[in-house]
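> only geometry, no sequence info:
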């Protein structure tokens, strides 16, 4: 008889950016995969952030020249510490850059290099 091992089904956590066994995810039947987008520890972290830092009514984005409504609680991904409230666009921008100052500065350099192109 073969001595193969049974592979446990895994899912990807969009917060900690890691593949984990599905036993570490809450069930969500509305998603195609059947599980939450984040693992249980990340889900608990999000819930804790929502309770500790409710977005005040009328709160706008913390970016200096932005007056869009704040819809996200920004936090340092290394420490988990809350930073401020952001609009969806700025929260996604930081997330896509991996919260990397170097990546964001590279983007600024790129834009300023080509700002005179019409």
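Everything's here; your move. Bear in mind that the values here come from a model prediction, so they are computed numbers and not experimental data.
> Could you use CA atoms for every contact and neighbour count after this?
OK.
> and the most centrally placed residue in the chain, which of the three is it?
The centre of the chain sits closest to residue 15, judged by Cα atoms, centre = their mean, with a distance of 5.4 Å. Here residue 15 is coil, with the state taken from DSSP: H, G, I helix; E, B strand; the rest coil.
> Report the separation between it and residue 55.
Using Cα to Cα, to the nearest Å, residue 15 is found at 20 Å from residue 55.
> swap in residue 115?
Remark: distance between residue 115 and residue 55 (Cα to Cα) = 35 Å.
> same deal with residue 8?
When residue 8 is compared with residue 55 (using Cα to Cα), they lie 39 Å apart.
> which one of the two has more residues nearby?
residue 55 (18 against 9; other Cα atoms under 10 Å).
> residues contacting the more buried one?
Contact partners of residue 55, counting by Cα atoms under 8 Å, 6 or more residues apart in numbering, are 70-73, 85.
> mind redoing it with 7 Å?
Contact partners of residue 55, counting by Cα atoms under 7 Å, 6 or more residues apart in numbering, are absent.
> which phi and psi does the closest residue to residue 40 other than its chain neighbours have?
Excluding the flanking residues, the one nearest residue 40 by Cα to Cα, 6 or more residues apart in numbering is residue 25, at 5.2 Å. Main-chain dihedrals, residue 25, degrees, to the nearest 10: phi -130, psi 150.
> Residue 25 touches residue 34, doesn't it?
No - checked against Cα atoms under 7 Å, the pair residue 25 and residue 34 is beyond contact range at 9.5 Å.
> Which of those two has more residues huddled nearby?
Neighbour tally, residue 25 and residue 34, criterion other Cα under 10 Å: the higher count belongs to residue 25, 22 against 14.
> now the more buried one: how far from residue 54?
Residue 25 is 24 Å from residue 54, by Cα to Cα.
> swap in residue 115?
Residue 115 is 39 Å from residue 54, by Cα to Cα.
> just residue 39 next, same as before
22 Å.
> Check whether residue 57 sits in a helix, strand or coil.
Quick answer, by three-state DSSP: residue 57 is coil.
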